[in-house]
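Engineer: Let's see this in three dimensions:
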Amino acid sequence: MKLRLPFIKNPPLVAVVRLAGAIGMAGRTSLSDSALAPVLERAFRRGRPSAVAMEINSPGGSPVQSSLIAGRIRRLARERDVPVYAFVEDVAASGGYWLAAIADEIWADENSILGSIGVISSGFGAHVFLARQGIERRVHTAGRSKSMLDPFRPEKKEDVERLQIILNDIHRNFIDHVTTHRKGRLAEGEDLFNGDIWLGRRAAELGLIDGIGHLVPKMRERFGDKVQFRRYAMRRPIWSRIGTELAGNVVAGIEERAAFARFGL
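Structural biologist: Predicted coordinates for the structure are as follows:
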């Protein structure tokens, strides 16, 4: 282990945090605030880094977990007075872009997919199938909205209207988050919040990112050729590493694969 002695000028250090995967899925390999907390704490506090660089490759996920993770990163950045740079790999969409937006600068590959600033809720309706099989669904509640959007009962107009209110509110929070953190950089007169996606160069033109660039050369450009990198990432569970995932993780893996597939990845 290399010592960082106080009386010797050490080369600049950049802590690299890998944020790869869907956000807030059920599996233990997904990104969540509780799982990332110790990783982020070490990245910002260990070795007095000159900057923290985030490697982002995420199709999104939970808006709550996205907000919690982003909030933690910004708190640590303020407390430690450390700049944060985001480097997008294949995709930073939806919650993935929520994370990228809190960086002081966002860089991406020209083929990276960015945006999807919107909110989605999806599911299935199985009431017709149950009826054909002669299965009767019995539900008893206290509170008229308790069984809202039950997939085994016909969809109700009032349920959809209530859900749309929730989706609109989350969308507004997302828009406020992006406009706050990208203030003065977003292109005017463009509809950036309709859920659309863009590749790197177009995203740069729209102000969603600061330009095309990769982590190592960009950090060397900023901190010199002698800059050192220290990498941090969530540890995968032992059963995931040896290929014996539990059933819950298999389901989460399918959900995550579906999330990436929305962007052709």
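Engineer: model confidence over stretch 50-58, on average?
Structural biologist: Stretch 50-58 carries an average pLDDT of 98.
Engineer: For it, buried residues please.
Structural biologist: S50, A51, V52, A53, M54, E55, I56, N57, S58 (16 or more other C-beta atoms under 10 Å). Quick note: C-beta positions are derived from backbone N, CA and C, even for glycine.
Engineer: Please apply the same query to stretch 137-154.
Structural biologist: D150, F152.
Engineer: Number the chain from 385, please
Structural biologist: Renumbered: residue one is now 385, and that last one reads stretch 521-538.
Engineer: ok, the residue nearest to E489 when sequence neighbours are not counted - how many residues close by?
Structural biologist: Using C-beta to C-beta, 6 or more residues apart in numbering and skipping residues adjacent in sequence, the residue nearest E489 is D594, 4.6 Å away. D594 has 19 neighbours, counted by other C-beta atoms under 10 Å.
Engineer: thought D594 was touching L498?
Structural biologist: No - judged on C-beta atoms under 8 Å, D594 makes no contact with L498 at a distance of 11.7 Å.
Engineer: List the contacts of the residue nearest to E489.
Structural biologist: E489, I490, W491, R569, A588 (C-beta atoms under 8 Å, 6 or more residues apart in numbering).
Engineer: so the residue positioned nearest the centre of the chain is in which element?
Structural biologist: The centroid of the chain falls nearest to G480 when counting by C-alpha atoms, centre = their mean (2.8 Å). Following DSSP states H and E, the helix or strand that holds G480 is helix 479-485.
Engineer: Next: L420.
Structural biologist: Going by DSSP H and E, L420 is part of helix 417-429.
Engineer: elements contacting that helix?
Structural biologist: Here helix 417-429 touches strand 397-404, helix 447-464, strand 612-616, going by 3 or more C-beta pairs under 8 Å, 6 or more residues apart in numbering; DSSP states H and E.
Engineer: Report the mean per-residue pLDDT for that helix.
Structural biologist: Here helix 417-429 scores 96 as its mean pLDDT.
Engineer: contacts for it?
Structural biologist: Residues contacting helix 417-429 (C-beta under 8 Å, 6+ apart): 399-401, 403, 412, 433, 436, 449, 452-453, 456-457, 460-461, 463-464, 466, 614, 616-618.
Engineer: Mind doing that once more with 6 Å?
Structural biologist: Applying C-beta atoms under 6 Å, 6 or more residues apart in numbering, the contact partners of helix 417-429 are A399, V401, V436, Q449, L452, I453, R456, L460, R464, V466, Y616, M618.
Engineer: what about E520, how many neighbours?
Structural biologist: Neighbour tally, E520, other C-beta under 10 Å: 6.
Engineer: ok, and the closest non-adjacent residue to it?
Structural biologist: L514 (7.8 Å).
Engineer: I'd like to know how far that neighbour sits from P538.
Structural biologist: Relative to P538, L514 is positioned 11 Å away (C-beta to C-beta, to the nearest Å).
Engineer: That's all I had, so thanks and see you.
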